[in-house]
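Engineer: Sequence plus predicted model, see below.
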Amino acid sequence: MAESNCADCKLRAKYDEKPKSFAGRFWRWHINWCPGWKGYMKSLGEEERAEIKLQYHLKKG
């Protein structure tokens, strides 16, 4: 499988900049089922994963 682009995702950057924008809300909805995001989260260490879960208010991952 190709390496994940999630760390540099343009939609993720839009969410970080303006979470209530359409693109930001779309990205947040999208990560709930995206297999690439799930793989990206699994590739991270426990500490990084915990930071991202906290930053994006994620329950799973």
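Structural biologist: Thanks, I have it. Numbering: from 1, shown residues only.
Engineer: Does residue 60 belong to a helix, a strand or coil?
Structural biologist: Classification of residue 60 using DSSP: H, G, I helix; E, B strand; the rest coil returns coil.
Engineer: Pull the number of nearby residues for it.
Structural biologist: Using other CB atoms under 10 Å, residue 60 has 8 neighbouring residues. Where you see a C-beta, it was placed from the backbone N, CA and C, and this is true even at glycine.
Engineer: Could you name the helices and strands sitting against the helix or strand harbouring residue 41?
Structural biologist: Secondary-structure element containing residue 41, defined by DSSP states H and E: helix 35-43. For helix 35-43, the packing partners by 3 or more CB pairs under 8 Å, 6 or more residues apart in numbering; DSSP states H and E come out as none at all, with no helix or strand in contact.
Engineer: The helix or strand just after that helix vs helix 35-43, what angle?
Structural biologist: Sequence-wise, the next helix or strand beyond helix 35-43 is helix 46-55, with elements assigned using DSSP H and E. Orientation note: helix 46-55 sits at an angle of 130 degrees relative to helix 35-43 (axes from the mean of the first three to the mean of the last three CA atoms, to 10 degrees).
Engineer: what's in contact with helix 46-55?
Structural biologist: Taking CB atoms under 8 Å, 6 or more residues apart in numbering as the criterion, the residues outside helix 46-55 that touch it are 41, 44, 58, 59, 61.
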